[in-house]
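K.L.:
Output the structure for:
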Amino acid sequence: MKIEKIQVLNDSNVLNNNLKKVILMKVDIGNLETKPTNTIDGFSDRLKALMPSLYTYKNSEGTQGKFFQSVDSGISITNIINSIATELQCLAGMQTELGTIEQTDTKGVYNFTFNCVDEDAGMYAALASVEIVEALVNGKLYFIRHDIDRLKCLYHQNQAALATIKVAENVPYFKLNKQTVQWENGVKQQHKIKFNIPLLRVI
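P.N.:
Next up is the predicted model:
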């Protein structure tokens, strides 16, 4: 599989569906286009062992608890990528809904739109979902706990950074040598508050 593009969609994007944060990822699944899950030896068992929480997911008919029955019967790898990207975020404490899948004009190439609470965490989950599926297809060991811990770290760091910025935006006026001073950002600023906050972006 090959990730051809991944980006964050802003609020004005037509694919956003009024959600605050959405990740768009274009993936070429290659020869897996013609290989549903029931044709890949051991795939279902490995998925069940790695992410047993997917038992709570709904199948295509909307029946909860039947997701793995669909996997056993045979569904597209694209559905697995979509489910894993969503479940990773949920396991890290970020409740989000299942994303959407759209086939492009090119055979085997799909656009995924993943809902997310945090952009960096959503980006990481999207990328990790493809890596996890590749490991499952090829029968390789995968330590998913690392991904969950990393997602938690990204989310909490970004939340802390946002909280700091909000505090800075609400700093009041005060008097200094009988002159009014306001801490603010902008071209007419008198003082500027600077924060040494690293950009957290998984590319």
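
K.L.:
Please, which helix or strand holds I81?
P.N.:
Per DSSP states H and E, I81 falls inside helix 77-91.

K.L.:
what ranges do the strands span in the protein?
P.N.:
Listed in chain order, the strands of the chain (DSSP state E) span 2-9, 22-28, 100-103, 109-115, 174-176, 179-181.

K.L.:
now those as JSON lines including mean pLDDT?
P.N.:
Shown next, in JSON lines, are the strands of the chain (pLDDT from 0 to 100):
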{"stretch": "strand 2-9", "mean pLDDT": "92"}
{"stretch": "strand 22-28", "mean pLDDT": "95"}
{"stretch": "strand 100-103", "mean pLDDT": "95"}
{"stretch": "strand 109-115", "mean pLDDT": "94"}
{"stretch": "strand 174-176", "mean pLDDT": "44"}
{"stretch": "strand 179-181", "mean pLDDT": "43"}
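
K.L.:
Point out the other helices and strands that the helix holding I81 packs with.
P.N.:
helix 67-73, strand 100-103, strand 109-115, helix 119-138, helix 144-169 (3 or more C-beta pairs under 8 Å, 6 or more residues apart in numbering; DSSP states H and E). Quick note: C-beta positions are derived from backbone N, CA and C, even for glycine.

K.L.:
Repeat the analysis, applying 7 Å as the threshold.
P.N.:
Using 3 or more C-beta pairs under 7 Å, 6 or more residues apart in numbering; DSSP states H and E, the elements in contact with helix 77-91 are strand 109-115, helix 119-138, helix 144-169.

K.L.:
Can you tell me which of these is nearest to V71?
P.N.:
Between V71 and those, the tightest spacing by C-beta to C-beta is seen for helix 119-138, at 10.5 Å.

K.L.:
Do me a favour and average the pLDDT over the closest one.
P.N.:
Mean pLDDT, helix 119-138: 95.

K.L.:
Report the angle between that helix and helix 77-91.
P.N.:
Angle of helix 119-138 versus helix 77-91, following axes from the mean of the first three to the mean of the last three C-alpha atoms, to 10 degrees, is 130 degrees.

K.L.:
still on that earlier bit, out of the helices and strands packed on helix 77-91, flag the one nearest K26.
P.N.:
Nearest to K26, of these and by C-beta to C-beta, is strand 109-115 at 5.3 Å.

K.L.:
how much space between the closest residue to L9 other than its chain neighbours and I75?
P.N.:
Nearest residue to L9, sequence neighbours excluded (C-beta to C-beta, 6 or more residues apart in numbering): V22, at 4.5 Å. Per C-beta to C-beta, to the nearest Å, V22 is found 23 Å from I75.

K.L.:
one step back: burial measure for the residue nearest to L9, as a count.
P.N.:
Close neighbours of V22, defined as other C-beta atoms under 10 Å, add up to 22.

K.L.:
And N138, by the same measure?
P.N.:
For N138, using other C-beta under 10 Å, the count is 11.

K.L.:
quick one: the residue nearest to L9 and N115 touch, right?
P.N.:
Yes. Counting by C-beta atoms under 7 Å, N115 is a contact partner of V22 at 6.1 Å.
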